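Chemist: how would this look folded up:
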Amino acid sequence: MKTKALSDYVIGYSRLETSHDTRFANERTKRARMISGDGSRDRELGPEIVTSCQNWTQCQMWMTDGTAVVVCGWQSDEMAAREQSERRFIVTNESRHMDVWLVSPESGAATNVSEPDRVSSYNDNVSEWPRDRSKLALSFVNDGRGSLCLMNRDGTGKIPLAPTEGYAYGICVSPDGNTAAWHEDYQIKIHPVDGGVSTVETGRSFNFGPQWSPDGRHLLFQSGASNIGPSIYIASADGTGVRFASSRSGYVGVASAMDDGDYRLGDTDMPRWHPDGGSFWFTARASDGNVELFRYSLKQGRRRRVTYSPPGSRLANPEISADGQWVAVAGLIDGARNIYVVGRSHNLIRVTNCAPGTGAILPVWRPLA
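Modeler: Predicted coordinates for the structure are as follows:
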């Protein structure tokens, strides 16, 4: 098999200004983009989606066929000022909107899948349904309560997916399409399509971000006393057998894309499975004080440090290419936020070219052609 060059890979990411003194002043400059793995062919995804200076976009994920999933947000100035003053995230139907768009990089066609049979003004996450890729699972919020639904790929035919009682989002569907997992009021829920909803019992108040292993045998998630500094755990597919995998060694587990004014501390820095299902990648505090990339082996039951960045560096949000050859990370190195890739040599290769005051964050690999 011919080895692919970095230029054959494509990474979705988001770029924004980082030096404003409030979160929203930075956030509304955020735009979804795509770039080749070697740093060429950098361009915006779905520029026509942005219709107001209050809008921002983010490349959330890619569909199996290479279609980009782009979320477009809007917030009123009044609510942005209130959130900044009270230092908390507030969702109301009138003051904050978010829609999910499917964008074709080749044709430029953009479809708002939130609009048909609309269920909410705040739609924050979709997931392909592996058993039937003409279906999507959608998480949305109404008056502070998160819910889940199943819909056709064009956004029509929205029907409730599972009974929820609290704030539910972050849905992830097992590779065989038979079971959905999500977090609800920071507890991990599991819902087989032919059964009821169960809770993964951890005894801890914060449980977040369930992810199915590629073979569907395990769930990977974060758990702790709070959202600051949770550790990484693994459970069996039915939610039993919860076991500790790794701490973050004093790292808080969130990565801010902003120099100042981010009252939310940042975006959750998630671990990610390797495509072979035998290991996962994550970031943690290293002995030299950096936040570096680590890899945990299920067979060996231990982790090893992968990267050695310049002093003061912070890496975040690792994403692994579908063939397992490359890991993309967002890195704050030498005062600038950029996307880097790491290959077999474990050296960091910079992909974007952001100077201090701007930043490239949240990389996601496009499926290989």
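Chemist: CA only for contacts and neighbour counts going forward, please
Modeler: Will do.
Chemist: Double-check that Phe24 belongs to a strand.
Modeler: No: the assignment for Phe24, made by DSSP: H, G, I helix; E, B strand; the rest coil, is helix rather than a strand.
Chemist: ok, Asn347 touching Thr307?
Modeler: Yes: if you go by CA atoms under 8 Å, Asn347 and Thr307 touch, sitting 6.8 Å apart.
Chemist: Flag the shaky bits of the protein, pLDDT-wise.
Modeler: Applying pLDDT under 70 to the chain flags residues 1-2, 93, 261.
Chemist: Closest to the centroid, which residue in it?
Modeler: Gln60 (6.4 Å; CA atoms, centre = their mean).
Chemist: The stretch 151-300 of the chain: helices as residue ranges?
Modeler: Under the criterion DSSP state H, counting those that start in this stretch, the stretch 151-300 of the chain contains no helices.
Chemist: Would you state the strands of it in chain order?
Modeler: 159-160, 168-173, 179-184, 187-192, 198-199, 206-212, 218-224, 231-236, 243-246, 254-255, 267-268, 272-273, 279-285, 291-297 (DSSP state E, counting those that start in this stretch).
Chemist: In CSV, list those along with distance to Arg314.
Modeler: Putting the strands of the stretch 151-300 of the chain into CSV (distance: least, CA to CA, whole Å) gives the following:
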stretch, distance to Arg314
strand 159-160, 40
strand 168-173, 25
strand 179-184, 27
strand 187-192, 28
strand 198-199, 34
strand 206-212, 21
strand 218-224, 19
strand 231-236, 18
strand 243-246, 18
strand 254-255, 8
strand 267-268, 14
strand 272-273, 17
strand 279-285, 9
strand 291-297, 4
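Chemist: Could you say which one of those comes nearest to Asn55?
Modeler: Judged by CA to CA, the one of the strands of the stretch 151-300 of the chain that comes nearest to Asn55 is strand 267-268, at 18.5 Å.
Chemist: Take the strands of the stretch 151-300 of the chain and lay them out in a markdown table including distance to Val141 and mean neighbour count.
Modeler: Formatted as a markdown table, these follow (distance: least, CA to CA, whole Å; neighbours: other CA atoms under 10 Å):
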| stretch | distance to Val141 | mean neighbour count |
| --- | --- | --- |
| strand 159-160 | 13 | 14 |
| strand 168-173 | 8 | 24 |
| strand 179-184 | 12 | 24 |
| strand 187-192 | 17 | 22 |
| strand 198-199 | 21 | 16 |
| strand 206-212 | 17 | 25 |
| strand 218-224 | 22 | 24 |
| strand 231-236 | 27 | 21 |
| strand 243-246 | 31 | 16 |
| strand 254-255 | 23 | 21 |
| strand 267-268 | 19 | 16 |
| strand 272-273 | 26 | 22 |
| strand 279-285 | 29 | 24 |
| strand 291-297 | 33 | 22 |
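Chemist: can you tell which of these is closest to Glu27?
Modeler: strand 267-268 (12.0 Å).
Chemist: isn't Ala137 right next to Trp129, touching?
Modeler: Yes: with contact defined as CA under 8 Å, Ala137 reaches Trp129; the gap is 6.6 Å.
Chemist: Could you point out which of the strands of the stretch 151-300 of the chain sits nearest Gly66?
Modeler: That would be strand 168-173 among those, by CA to CA, at 18.5 Å.
Chemist: Would you mind measuring from the closest residue to Ala255 other than its chain neighbours to Pro275?
Modeler: Closest residue to Ala255 apart from its sequence neighbours, by CA to CA, 6 or more residues apart in numbering: Gly266 at 4.8 Å. Distance of Gly266 to Pro275, given as CA to CA, to the nearest Å: 27 Å.
Chemist: higher neighbour count, those two?
Modeler: Neighbour count, other CA atoms under 10 Å: between Gly266 and Pro275, Pro275 has more, with 17 against 14.
Chemist: so who does the more buried one touch?
Modeler: Residues near Pro275 by CA atoms under 8 Å, 6 or more residues apart in numbering: 214, 320, 322-324.
Chemist: Tell me the buried residues within those.
Modeler: Buried by 16 or more other CA atoms under 10 Å: 214, 320, out of the contacts of Pro275.
Chemist: May I see the contacts of Pro275 arranged in CSV, with distance to Asp143 as well?
Modeler: Converted to CSV, those look like this (distance: CA to CA, whole Å):
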residue, distance to Asp143
Pro214, 35
Ile320, 35
Ala322, 37
Asp323, 41
Gly324, 41
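Chemist: any idea which helix or strand carries the residue nearest to the centre of the chain?
Modeler: Of the helices and strands defined by DSSP states H and E, Gln60 is found in strand 55-62.
Chemist: where's Ser81, which helix or strand?
Modeler: Check again: residue 81 is Ala, not Ser. helix 77-86.
Chemist: what comes up buried for that helix?
Modeler: For helix 77-86, by 16+ other CA under 10 Å, it's 79-80, 83-84.
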